[in-house]
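Peer 1: Pasting the sequence and the predicted model now:
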Amino acid sequence: MNAIPLLLVAACVFVLAYRFYAAFLAEKVLRISDARATPAETLADGRDFVKTNKFVLFGHHFAAIAAAGPLIGPVLAAQYGVLPGALWILLGSVLAGAVHDFIILFASVRRNGDGLAKIARDETGPVVGAVAQVAVLLILILSMAVLAIVVVNALAESAWGTFTVAATIPLALIMGVWMYKFRPGKVGEASVIGVVGLIAATLAGPYLKQWGLEPFFLHTKENIALALPVYGFVAATLPVWMLLCPRDYLSTWVKLGVIVMLTGGIFIVAPTLRMPLITPFVAGGGPVVPGPVYPFLFITIACGAISGFHSLIASGTTPKMIPSEGAMRFIGYGAMVTEGFVALTALVAACALHPGDYFAMNSGAIGKMVKEMGADIDMAAISAQVFALSGYMPVEIQNLSNLIGERLVGRTGGGVALAVGMASIFGKIPGLTHLVSYWYHFVIVFEALFILTAVDTGTRVARYIMQDGLGALWKPLGDSKNPLAVGFSALLVVSAWGWLVYNGSIMSLWPMFGVANQLLAVTALAIGTTVLLKMGRARYVGVTLVPLVFLTVTVFVAGMLNIQNFANEKFIAQYGRVFSTINITLSVVLLASVTIILFGSVRKWRELWHTPDTEQDVVAPIGVTLPATTL
């Protein structure tokens, strides 16, 4: 099967969904109005509440939500074949994910930029709110750990990657000062500075050794695992305009640029999707994801279809910077369908590999086999094992290893397979074949940038939630204008996820992350349903209720299966009893927490079901905040 028809269909679906369904949500369901003041206007403080150009904010929001999920999830789910992943990405992003993001962003903007946990407390009561706050914070810390581990794996022993990613920090600081202090509003000028600087840093990567700079940027996993929490602390405490927002905006140029190049490469090369439409592993027993396609496809591909993590960004940093209500459709719905397209291109890159090569890279059993072999890799034995596990023989992996200059077999986690798939497509473009190694390392840098933007934003959102909780215990700790209170909350957050990064691995935490992430989406959809009913929009409640019911059943089934797997002696033998206990405990706590939230929400729905539709939306003049009763 050729990849081009799939991308064309996807592009048409996403454009039509944005044009018609998003417009329906904005005009009929939510009735957004540019005449309303936003929190960025009414609560402007120069630190968190900052009115931001909608294109810059789109860059921040897209960079923050588009983390490991749309890249890694589709690659891992490719073991089920092309069709299951493609259908879930298309339908999930349009009917569930983008609706989820848009409605939570709307709810937060209408509530002075309140976070998800506070909205839950205000709309459904103190018990549900307290449970939601604990659950959201746990999920955020787990999410940050998983995302950071992917960055650690990508940058470890890679001076080129570390140098380029590090260069985005001073570039972002320069852009922030330029746009907000030196040349206010000159987004174009700042963009040129950032993009030119980033291109220069990327091109300089291969020459670090020649210039004698390589030792400064060549680090082990352990060193990078220690450095990331330090960066997270700084990004979570500095004003958003200074580092976080411009760095995310800069990263978005890279992200969208690479996706545009990959899409162009696919249309030039017209690669054949070598993975079957459906593989026998839909029934379970796969070498990559051991479970069956239902329910595990729907927790493996999260960010590319629907992701609870998005609700934390949509009720975290983004609503505090929205310049007008009209921008919510572009940012909330538009960024999600853009991410859906990114996920589809990642699926194409993985499925364009020979199946045997794909399984040789991503199979956990092959990774363990390679580790036991050490430096002397027996490719004949590995090929035989790949065939025994998948029914396919490796075809090009040895040649690709030689071209790239790195060992590729047993490189589990999805990141390397994505980089190889993308580099292979770029390498087939006439005149670029000799640059396969360059493309591979460029994609590794791209992945790290893609994911790190979610780590810094997620850490800031976790700081908001932590500070809100601490403020309930002792009021001074909740003061967002107190640098010591801000720093203390941020320190607690980065210490928690930093410990998991230093002591964990992607394969020990990813299954838990998948379930936790979708449990958060269930929570957000339940809150979104409550918000619609409170506004008297019961006739439109299906837009959130239908995906909520499907996702609830799916994620609870997956959660119970995960608990069984975590308690399995094979899992304990591979990852240790500590992580087995952590995963089981978190699974039980989160499943119980979301059950409480759902029961509380259903009780509230019964009260609100016959609430009259507030046709006459009250419009607030600039500088006036509407009371909650008019929302």
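Peer 2: Looks like it arrived, so ask away.
Peer 1: which residue ranges form the strands in the stretch 501-631 of the chain?
Peer 2: Along the stretch 501-631 of the chain, no segments are classed as strands by DSSP state E, counting those that start in this stretch.
Peer 1: Point out where it drops to low pLDDT.
Peer 2: 504-508, 614-631 (pLDDT under 70).
Peer 1: which SS class is residue 281?
Peer 2: Classification of residue 281 using DSSP: H, G, I helix; E, B strand; the rest coil returns helix.
Peer 1: ok, now which ones touch it?
Peer 2: Contact partners of residue 281, counting by CB atoms under 8 Å, 6 or more residues apart in numbering, are 79-80, 287, 289, 293. Quick note: C-beta positions are derived from backbone N, CA and C, even for glycine.
Peer 1: Same question for residue 472.
Peer 2: residue 478 are the contacts of residue 472 under CB under 8 Å, 6+ apart.
Peer 1: Could you list the low-pLDDT ranges of the stretch 351-500 of the chain?
Peer 2: In the stretch 351-500 of the chain, residues with pLDDT under 70: 450.
Peer 1: which residues in it form helices?
Peer 2: Using DSSP state H, counting those that start in this stretch, the helices found in the stretch 351-500 of the chain span residues 355-362, 364-373, 379-390, 397-404, 415-427, 436-473, 483-503.
Peer 1: What residues sit buried inside the second one?
Peer 2: Think helix 364-373. 364-367, 369-370 (16 or more other CB atoms under 10 Å).
Peer 1: now the helices of the stretch 351-500 of the chain as TSV including distance to residue 139?
Peer 2: Below are the helices of the stretch 351-500 of the chain laid out as TSV (distance: least, CB to CB, whole Å):
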stretch	distance to residue 139
helix 355-362	26
helix 364-373	25
helix 379-390	33
helix 397-404	36
helix 415-427	22
helix 436-473	10
helix 483-503	11
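Peer 1: how about those, which one is nearest residue 326?
Peer 2: Judged by CB to CB, the one of the helices of the stretch 351-500 of the chain that comes nearest to residue 326 is helix 436-473, at 23.0 Å.
Peer 1: From the chain's centroid, how far away is the closest one?
Peer 2: Put simply, helix 436-473 sits 9 Å off its chain's centre (CA atoms, centre = their mean, to the nearest Å).
Peer 1: buried residues in that helix?
Peer 2: So, applying 16+ other CB under 10 Å, buried residues of helix 436-473: 436-471.
Peer 1: same question, stretch 270-281
Peer 2: Buried residues in stretch 270-281 (16+ other CB under 10 Å): 271, 273-275, 279, 281.
Peer 1: For residue 581, give its distance to residue 398.
Peer 2: Distance, residue 581 to residue 398, using CB to CB, to the nearest Å: 41 Å.
Peer 1: Tell me what angle the one helix or strand residue 190 maps to forms with helix 436-473.
Peer 2: If you go by DSSP states H and E, residue 190 is part of helix 187-204. On the basis of axes from the mean of the first three to the mean of the last three CA atoms, to 10 degrees, helix 187-204 is oriented at 130 degrees to helix 436-473.
Peer 1: After helix 187-204, heading C-terminal, what element do we hit next?
Peer 2: Next along the chain after helix 187-204, taking DSSP H and E as the criterion, comes helix 214-217.
Peer 1: Tell me the buried residues in the next helix or strand after that following helix?
Peer 2: Counting by DSSP H and E, the next helix or strand C-terminal to helix 214-217 is helix 221-237. By neighbour count on 16+ other CB under 10 Å, the buried set for helix 221-237 is 221, 224-225, 227-229, 231-237.
Peer 1: Distance of residue 578 relative to residue 223?
Peer 2: Residue 578 sits 23 Å away from residue 223, taking CB to CB as the criterion.
Peer 1: typo on my end, residue 569
Peer 2: Residue 569 is 34 Å from residue 223, by CB to CB.
Peer 1: hang on, the earlier thing: dump the buried residues of stretch 270-281 to TSV, plus pLDDT and distance to residue 204.
Peer 2: TSV is the format used below for the buried residues of stretch 270-281 (pLDDT from 0 to 100; distance: CB to CB, whole Å):
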residue	pLDDT	distance to residue 204
271	91	31
273	95	36
274	94	36
275	95	36
279	95	42
281	95	43
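Peer 1: of all those residues, which comes closest to residue 136?
Peer 2: Set against residue 136, the nearest of these by CB to CB is residue 281 (33.4 Å).
Peer 1: tell me the two of the buried residues of helix 364-373 that are most distant?
Peer 2: The two members of these with the most space between them (CB to CB) are 364 and 370, at 10.8 Å.
Peer 1: quick revisit: what's the closest of the helices of the stretch 351-500 of the chain to residue 99?
Peer 2: Closest to residue 99 of the helices of the stretch 351-500 of the chain, according to CB to CB: helix 436-473, at 20.5 Å.
Peer 1: Could you tell me the angle between the closest one and helix 221-237?
Peer 2: Interaxial angle, helix 436-473 versus helix 221-237 (the same axes, to 10 degrees): 50 degrees.
Peer 1: All set, thanks.
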